[in-house]
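Enquirer: Mind folding the following:
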Amino acid sequence: MSKKNVAVVMGGFSDEYKVSLKSGQLIYDSLDRDLYNVYKVVILKEEWYFLNENEEKLPINKGDFSVTLSDGAILKFDVCFNIIHGAPGENGELQGYWNAIGQKYTGCDFYKSALTFNKKDTLAVLAKYGIPSAKSFYLRKGENINEDTIVEELGLPLFVKPNQSGSSLGISKVKAKSELAAAIEFAFKEDDEILIESFLNGMEVSVGVIDYKGETIVLGITEIVPHKEFFDYEAKYEGASEEITPARLDEETRYKVEKIAKHAYESLGMSGFSRSEYIIMDGTPYMLEMNTNPGFSPASILPQQAKIYGISIKDLCGNEVEKALKK
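Expert: Numbering: from 1, shown residues only. So this is what the prediction gives:
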């Protein structure tokens with residue numbers, strides 16, 4: 001049996017590319033060399049390149065995602081392991097391109113990626129499956145904003161967030177009506193569509209769900225304790241929060257969170273890694289969003305959950321490659 005060629009594809013077009021490079025390194029290091037030839041591919045706005053064993057850059061041929069090696073041989077990949085956080089790997093763009101050229105890849109398809117990258121649409125679809133979320137308003141750039149209606153409907157404090165920023169950038173907590181206009185402007189810097197949500201006062205949890213060896217499993221529930229008022233970019237990536245796995249939940253609440261997280265994953269027809277965020281208020285988990293390519297650096301939540309669950313990173317990543325090969 002010849003070894004399959006696996007490209008670990010990392011980078012991306014957003015500020016999250018730095019995290020993606022760390023995630024990619026972990027996957028690159030963890031994949032079983034007895035089964036796969038493992039390579040690194042970096043996709044950035046300005047260039048797409050392959051890194052050879054001497055860390056020299058070779059350009060990717062975008063026509064068929066191949067590489068011409070130094071000796072003139074052409075290398076193609078049996079599977080691309082997609083670990084780009086944010087655009088273009090988490091919003092469906094890359095998946096659509098790979099579909100068009102017939103390239104197999106890990107994770108969910110382009111439609112599920114695009115859908116889950118859009119917070120409003122994800123929550124609207126999941127509401128039909130009985131999954132609760134905060135009360136919210138949705139605004140497009142240029143629309144008239146009636147601050148009185150927003151505050152009346154949602155109460156204070158409230159949250160203003162970009163609809164499609166993958167990385168907790170552009171979020172504000174608004175405590176007084178006078179702060180609303182600035183918060184809206186701040187969110188519009190990240191996206192042309194924003195979401196204004198009622199404040200849910202409760203424990204925030206991050207739930208890893210994957211399909212592993214043919215079944216949907218909840219890898220773990222992590223409690224997020226922000227040092228600041230909420231889990232923003234700084235808390236997420238610069239250590240300004242405490243993460244407790246497993247979350248301090250009673251049996252009944254834990255069961256409820258697991259059931260809802262699994263139901264959300266299966267309702268959307270997801271595959272691959274996912275991490276969804278919920279706030280538990282009065283015993284009910286309210287969904288905030290779902291990430292289909294969550295951070296996977298050694299410090300990230302998903303690898304930590306896998307460790308506690310008892311699945312090695314090698315098996316977790318190998319499972320993704322095997323599923324992609326069968327597509």
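Enquirer: From now on I want contacts and neighbour counts done on CA atoms only, so please keep to that.
Expert: Noted.
Enquirer: Look up the pLDDT of Gly239 for me, please.
Expert: Per-residue confidence for Gly239 comes out at a pLDDT of 55.
Enquirer: same question, Ala299
Expert: For Ala299, pLDDT reads 89.
Enquirer: mind listing what it touches?
Expert: Residues near Ala299 by C-alpha atoms under 8 Å, 6 or more residues apart in numbering: none.
Enquirer: go on, the one 3 residues further on?
Expert: Contacts of Leu302 were listed using C-alpha under 8 Å, 6+ apart, and they are 208, 219, 275, 294-296.
Enquirer: And it, how close does it get to Leu288?
Expert: 17 Å (C-alpha to C-alpha, to the nearest Å).
Enquirer: Spatially, which two of the contacts of Leu302 are the most separated?
Expert: Greatest spatial distance among the contacts of Leu302 (C-alpha to C-alpha): Leu219 and Gly295, at 14.5 Å.
Enquirer: so Gln305 is in which element?
Expert: Here Gln305 sits within helix 301-309, counting by DSSP states H and E.
Enquirer: Flag every buried residue along that helix.
Expert: 301-306 (16 or more other C-alpha atoms under 10 Å).
Enquirer: now those in JSON lines, with distance to Glu242?
Expert: Below are the buried residues of helix 301-309 laid out as JSON lines (distance: C-alpha to C-alpha, whole Å):
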{"residue": "Ile301", "distance to Glu242": "11"}
{"residue": "Leu302", "distance to Glu242": "15"}
{"residue": "Pro303", "distance to Glu242": "16"}
{"residue": "Gln304", "distance to Glu242": "13"}
{"residue": "Gln305", "distance to Glu242": "14"}
{"residue": "Ala306", "distance to Glu242": "18"}
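Enquirer: Now flag whichever of those is closest to Ala182.
Expert: Ile301 (31.7 Å).
Enquirer: Would you mind measuring from the closest one to Thr253?
Expert: 20 Å.
Enquirer: do Ser2 as well
Expert: 48 Å.
Enquirer: Asp121 now?
Expert: Taken as C-alpha to C-alpha, the span from Asp121 to Thr253 is 26 Å.
Enquirer: Over to Lys213?
Expert: Taken as C-alpha to C-alpha, the span from Lys213 to Thr253 is 26 Å.
Enquirer: the more surrounded of the two?
Expert: Per other C-alpha atoms under 10 Å, whichever of Lys213 and Thr253 has more neighbours is Thr253, with 16 against 12.
Enquirer: Please list all residues in contact with that one.
Expert: Contacts of Thr253 (C-alpha under 8 Å, 6+ apart): 283-284.
Enquirer: Three-state assignment for it, please.
Expert: helix (DSSP: H, G, I helix; E, B strand; the rest coil).
Enquirer: cool, the one 4 residues further on as well?
Expert: When classified by three-state DSSP, Val257 comes out as helix.
Enquirer: That one - nearest residue in space that isn't next to it in sequence?
Expert: Spatial nearest neighbour of Val257, chain neighbours left out: Pro285 (6.2 Å); criterion: C-alpha to C-alpha, 6 or more residues apart in numbering.
Enquirer: That neighbour: how many residues sit nearby?
Expert: Look at Pro285: counted by other C-alpha under 10 Å, it has 25 neighbours.
Enquirer: Tell me the secondary structure at it.
Expert: Classified using three-state DSSP, Pro285 is strand.
Enquirer: Wait, it touches Ala264, no?
Expert: No. Using C-alpha atoms under 8 Å, Pro285 is not in contact with Ala264, being 11.8 Å away.
Enquirer: Would you mind grabbing the residues shared as contacts by those two?
Expert: With C-alpha under 8 Å, 6+ apart, Pro285 and Ala264 have no common neighbours.
Enquirer: Now do the helix or strand containing Ile260: distance to the chain's middle.
Expert: Element membership of Ile260, judged by DSSP H and E, is helix 251-267. In terms of C-alpha atoms, centre = their mean, to the nearest Å, the centre of helix 251-267 is set 18 Å apart from its chain centre.
Enquirer: what's the closest residue in space to Ala187 that isn't next to it in sequence in contact with, if anything?
Expert: With sequence-adjacent residues excluded and distances taken as C-alpha to C-alpha, 6+ apart, Ala187 is closest to Gly170, at 4.6 Å. Applying C-alpha under 8 Å, 6+ apart to Gly170 gives the contacts 161-162, 186-190.
Enquirer: What distance do you get for Gly170 to Phe273?
Expert: 25 Å.
Enquirer: hmm, back to that, I'd like the next helix or strand past the helix holding Gln305.
Expert: helix 313-326.
Enquirer: Looking at the contacts of Leu302, spot the one nearest Tyr105.
Expert: Using C-alpha to C-alpha, the contacts of Leu302 come closest to Tyr105 at Pro294, 16.1 Å.
Enquirer: What's the local residue count around that closest one?
Expert: 26.
Enquirer: ditto for Glu143
Expert: What Glu143 shows, counting by other C-alpha under 10 Å, is a neighbour count of 7.
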